[in-house]
Each structure stands twice: as structure tokens, then as C-alpha cells.
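Novice: Fold the following, please.
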Amino acid sequence: MLIPLSVLDLAPIPRGETASSSIAASVALAQRAEQHGYRRVWYAEHHNMPTIASSATSVLIAHVGAQTSTIRLGAGGVMLPNHSPLTIAEQFGTLDAMYPGRIDLGLGRAPGSDQATMYALRRDPNSADTFPQDVVELQGYLTGESRVPGVDAVPGKGSNVPLYVLGSSLFGARLAAALGLPYAFASHFAPQALEAAVSTYRREFRPSAQLAEPHVIAGVNVVAADTEDDARQALAAVRRGLAVGLFGRGGSFTDEEADLLLDQGAGHHVSTMLTHTAIGTGDQVRDFLLRFQKRADADELIVAFQSPTPEGRLRAVELTAQAMESVPA
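Specialist: Below is the predicted model of the structure:
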């Protein structure tokens, strides 16, 4: 491919579908991405969201790993303040033992939930404050250099599962640079600080045992279809879904009601989230991704394929890969 491409899968649960069908669609998506040369598939931890089935990332990774053979799989990411570092080291150490050399661990410090869900997770509201120390503790378990005397992660010790710092601000950029870790910027939904964060990360990067040179992964949305009109129709459905998911208070909305939400203020928020979105045919998507990669100064792009149907996502994976395999004359 012209640029290394990966996939971010939120395991969406479309209207009228179930978590079971969503997980089956995630398996099919990973298999299709593997067939077409994508580097990795990551799953994001979210909680208390009726339209997302990726809350238990390690369980989902284990399931997908059993039905793929070469593509890397990981979390994009685990919200580390929701968990103890030892627990995550054990989970991802187990995954590495099951699928050696195929597991990634992306780490974020956001809650991935609301205040009530934070309580239900038994999360301390101040736990994000210790995120840097927790990353270092987790790294110690995975490298076999535990920072807690007498405590090892089994499985996990010596697995050296690669860590990635996720973020949408300068905080994550500086932490990734200080620790010498790859940095993944969430520009697929939080575009505001992209250029500043990447510049800061590259400027302040310090080589580490894991990484000699800085490595930036930038998130981008893709709505691809066989025709531009089909892609535009899919985008309209995606916008409705985001409006209902973010502002619908868990209710069931018709398309007309979702459009009213967009007209009454949700539209601006959704448009901001989708700032970096490639729309159209494979060639149109390729041209956008090439421009975006230069703007983001990214070494790799991780794509959130946006479509109202699993079939649409699979087709978008194919169209994007095919287009990215060729340079226009």
C-alpha cells in the first residue's frame, strides 16, 4: 500500500441488530482486512453505550484472533484508569501467549464512559492523574522488570507486548515522547490538536528499548462505496447514527427524528467529529488519505470505516485497499 493502513473497529451495533451479530461482523471485518493487507485491527473500550459492543476488548481480541492468522490485533485502546496495570498485563500477556507476535496494547486515560458508569466500574475519579505511573508499571510487568517487588504478570512477564499511547491532546504526545512509545492520535473524532500534538511528539521523542524513532498513527474516517452518491447516502446514515448515539439518551429514533436532532445542534458537533473523513469512491478516498497523511505527518493511518451496514464496511475495506495499491498516473 502507498501508506500503511490499519483498522479501528468500534464493533457497532446497528439499529435492529444484536451484540452477537455485531461481533460476527467484527470477525468478518478483520478477516477482510487481513486478506487485503491491512497492518492491524484495534478495538476501543467503551462502556454503557448501546450502539458499541467493544467494551471487553481482550475478550473480543481473543475471539477474532482465533478466526484470523496473520493480522495484528490490539486495543485502541484500553482505558487504563479503569483497570489495574497487573490485570491488563495478565490479559494481554495471555493474548500474546495465544497469538505470539500479533498483539498490540494501546492505552488511553479517558474514562470511556459517563460519571455513573465510572461509579459502576468502581473507578476513582482521580485515577487518570496516575496514568503515566500506571503505564510505566504496566510496561514493567510486560518486559519482566516489575516495578512491584515480588509481583509478576503470569502470563505476561517477558512477553514485551508493544505499548502505544493514545491521545487527543498534548498530554499524550508528551508522555509518548518521554517514554519512547508510538503515539496514536484520535483525529477520527477529536481533530482539534492534531498538528500541534504530532509536532510536539516528534520534537520531544526520546528513543527507548521498544522504539528507536518516533512513530505516529493518525485516526481517519472513511465512507467508501462504488459510487459517490452511495457514499454520500451512507454518510447521511452515519451522521444520524452519531447524533442519536451522542444525544438521543438511549432512545429509538426514526430517520426524521434523527435529522431533527442534527438540525437542532447535534449537526455541528457531528460535523466537527467527522472533520477528517474521506468520502466517495476508492480513488476519491485514496486522494483524501494521501493529503491527510501529509497534513498529519503520520507514519501510519488507522481507519474507522463508517457505514450503516456490515456489508458496507466490508466493501469499503476492499475499495480503499485496492485504491491504495496504485498511484494515479
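
Novice: contacts, neighbours, all on C-alpha from now
Specialist: OK.

Novice: Show me the shaky parts of the protein.
Specialist: Scanning the chain for pLDDT under 70 picks out 111-113, 250, 327-329.

Novice: Look up phi and psi at the residue lying closest to residue 259 once chain neighbours are set aside.
Specialist: Leaving aside its sequence neighbours, residue 259 sits nearest to residue 240 (Cα to Cα, 6 or more residues apart in numbering; 6.4 Å). Backbone torsions of residue 240, given as degrees, to the nearest 10, read phi -60, psi -40.

Novice: Now do the same contact list for residue 240.
Specialist: Residues in contact with residue 240 (Cα atoms under 8 Å, 6 or more residues apart in numbering) are 255, 258, 259, 262.

Novice: if you set the cut-off to 10 Å instead, what comes out?
Specialist: Residue 240 makes contacts with 234, 253-262, 266-267, 270, 308, as judged by Cα atoms under 10 Å, 6 or more residues apart in numbering.

Novice: Repeat that for residue 110.
Specialist: 45-46, 77-82, 127-128, 131, 166-168.

Novice: Distance check, it against residue 321.
Specialist: 31 Å (Cα to Cα, to the nearest Å).

Novice: what does residue 4 give?
Specialist: From residue 4 to residue 321 the distance is 10 Å (Cα to Cα).

Novice: what do you get for residue 137?
Specialist: Taken as Cα to Cα, the span from residue 137 to residue 321 is 38 Å.

Novice: For the contacts of residue 240, which single residue is the most surrounded?
Specialist: residue 258 (24 neighbours; other Cα atoms under 10 Å).

Novice: Run through the residues that contact that residue.
Specialist: Contacts of residue 258 (Cα under 10 Å, 6+ apart): 237, 239-245, 247-248, 252, 264, 266-267.

Novice: where exactly do the strands run in the stretch 51-200 of the chain?
Specialist: Using DSSP state E, counting those that start in this stretch, the strands of the stretch 51-200 of the chain run over 72-79, 103-108, 163-167, 183-185.

Novice: In TSV, list the ones you listed along with distance to residue 207.
Specialist: Listed next are the strands of the stretch 51-200 of the chain as TSV, based on distance: least, Cα to Cα, whole Å:
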stretch	distance to residue 207
strand 72-79	22
strand 103-108	18
strand 163-167	14
strand 183-185	13
